[in-house]
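K.L.:
The sequence isn't on hand, but the structure is:
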């Protein structure tokens, strides 16, 4: 990631690039070219296109029989369903959008009587600037998307020329092996770089090159190595099962393919309804001979075929034809596609009311959203733990911590009102109120200087005089209403005075 943009990961050895993978031509420090950051795509080199494996409902059923063994296949199926169909994409993006990813920086393990205000303010400013370089709004939404789609995100933090880069590691070559500071640690399979993939080391940090050299020199006992902390990390949705990936919406895969089957059946039904068959019956005598000359009969039907459109066929039969159909009685139509879509959302654990269902209920919908928001916030807290582990490793970050707030688009106004009321009662929640307005502490500090010290808004912006701003006037209170503006009851009250 450069300035908040996550670097695309490369496919595992011996496999074609999968969905979401970008095969990058080269990566080297731009300092050699007079710039900063990483070059992560070479337009002069041919790029490999992504390839997909066609999944069926039968294959999905086989994968679900043994999830740990089919972890890689399930991951590919989830990515395919996310890209090809809109339903899984909408569900995942709905959960991602339930958090504004707003945060405040709070003191951590400090002794108020020993703290020096000047030094602490300097450290606090460095920490806020440090967090601003992450590009949290963009990068963390990508991490949330991957976690909700595939269950786990493996990454490593890299600092290059003042930018914080989060580089994604290939999931097929990573495992969770330990935990520290409420964040999982990652072990990497260095056989990934063997053979023709060795040139891909240019994409990675010096640590990866050093560890790969150890693998080459010392053999398979160094194939899997745990990466250094706190730079490398794993964020997992189903954190209670760290051994293998279990996508949160794995259970809806079969439902997705079921909808596709119903849609295909519906399309076939519509296509069949556009065709017609004309049957002409000719009589026969007791001996089974036609009452009309067969040559003349062929001529009649030949003329008929010439005038009917291609969707209509014509045949001649010596006996009546009875229609046998399996349609529902009384012409009743059943929309299996809509029913299957509702079943899909129910299987995903989200209310179908969120996706254009006609039976909308505002109270039930609000409760459903709050329950869903708790799922997303669990992942957001894991991202906060990862950030704090890395921040506390810095000299300026030992006495500050990141705290993400449980605020999203559906409860933003409610939380802002709560923080404002807390401020009015003297609680130190000004930063929380600013965060609810989607303003970081660094932005709040900068805008305060800009508006008050630079622009001098308090002195230059004088509000217009009105009943809300006038105090001590000779005629206090609301101005009297003119004739025609006052109600009948108001006129009666005025006469009594």
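P.N.:
Nice, thanks for sending it over. Just so you know, these numbers come straight off a predicted model, no measurement behind them.
K.L.:
which SSE is the nearest residue in space to residue 225 that is not next to it in sequence in?
P.N.:
Closest residue to residue 225 in three dimensions, ignoring its sequence neighbours and counting by Cβ to Cβ, 6 or more residues apart in numbering: residue 211, at 5.0 Å. For every residue, glycine as well, the C-beta is placed using N, CA and C. In the assignment (DSSP states H and E), residue 211 maps to helix 206-218.
K.L.:
in that helix, what counts as buried?
P.N.:
Using 16 or more other Cβ atoms under 10 Å as the test for burial, helix 206-218 gives 207-208, 211-212, 215.
K.L.:
hey, which helix is longest across the protein?
P.N.:
When the chain is scanned for its longest helix (criterion: DSSP state H), the result is helix 362-391.
K.L.:
per-residue confidence for residue 278?
P.N.:
You'll see residue 278 listed with a pLDDT of 66.
K.L.:
what does residue 330 give?
P.N.:
Per-residue pLDDT puts residue 330 at 55.
K.L.:
what do you get for residue 9?
P.N.:
pLDDT, residue 9: 41.
K.L.:
Check the one 4 residues further on too.
P.N.:
At residue 13 the predicted local confidence, pLDDT, stands at 39.
K.L.:
Next: residue 368.
P.N.:
Looking at residue 368, its pLDDT reads 77.
K.L.:
quick one, phi/psi of residue 248?
P.N.:
When quoted as degrees, to the nearest 10, the phi and psi of residue 248 stand at phi -60, psi -30.
K.L.:
Identify the residues contacting the closest residue to it other than its chain neighbours.
P.N.:
Excluding its sequence neighbours, the residue lying closest to residue 248 (Cβ to Cβ, 6+ apart) is residue 237, at 5.1 Å. Residue 237 makes contacts with 147-148, 151-152, 247-248, 378-379, as judged by Cβ atoms under 8 Å, 6 or more residues apart in numbering.
K.L.:
and residue 175, what element?
P.N.:
According to DSSP H and E, residue 175 maps onto strand 174-180.
K.L.:
buried set for that strand?
P.N.:
Per 16+ other Cβ under 10 Å, strand 174-180 contains these buried residues: 174-177.
K.L.:
and if you look at stretch 234-249?
P.N.:
Within stretch 234-249, the residues scored as buried using 16+ other Cβ under 10 Å are 234-237, 239, 242, 244-249.
K.L.:
What of stretch 82-98?
P.N.:
Applying 16+ other Cβ under 10 Å to stretch 82-98 flags 82-83, 87-88, 91-96, 98 as buried.
K.L.:
Can you convert these into TSV and add a column each for secondary structure?
P.N.:
Listed next are the buried residues of stretch 82-98 as TSV, based on DSSP: H, G, I helix; E, B strand; the rest coil:
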residue	secondary structure
82	helix
83	helix
87	helix
88	helix
91	helix
92	helix
93	helix
94	helix
95	helix
96	helix
98	coil
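K.L.:
ok, now which ones touch residue 432?
P.N.:
Taking Cβ under 8 Å, 6+ apart as the test, what residue 432 contacts is 104, 405, 419, 422.
K.L.:
C-terminal to the host helix or strand of it, which secondary structure element comes first?
P.N.:
Here residue 432 sits within helix 430-436, counting by DSSP H and E. In the C-terminal direction, the helix or strand that comes right after helix 430-436 (DSSP H and E) is helix 441-448.
K.L.:
immediately after that next one, which helix or strand?
P.N.:
With DSSP H and E, the next secondary element past helix 441-448 is helix 457-460.
K.L.:
other SSEs contacting that following helix?
P.N.:
Using 3 or more Cβ pairs under 8 Å, 6 or more residues apart in numbering; DSSP states H and E as the contact test, no helix or strand touches helix 457-460.
K.L.:
Confirm for me that residue 441 is in contact with residue 433.
P.N.:
No. The criterion here is Cβ atoms under 8 Å, and residue 441 misses it with residue 433 at 11.3 Å.
K.L.:
Now do the SS call for residue 188.
P.N.:
At residue 188 the chain is in strand, as set by three-state DSSP.
K.L.:
just to revisit the earlier point, can you list the buried residues in the longest helix of the chain?
P.N.:
Buried residues in helix 362-391 (16+ other Cβ under 10 Å): 368-369, 372-373, 376-377, 379-380, 382-391.
K.L.:
about what we covered before: and the buried residues of helix 206-218, which is closest to residue 181?
P.N.:
The closest of the buried residues of helix 206-218 to residue 181 turns out to be residue 207 (Cβ to Cβ; 18.8 Å).
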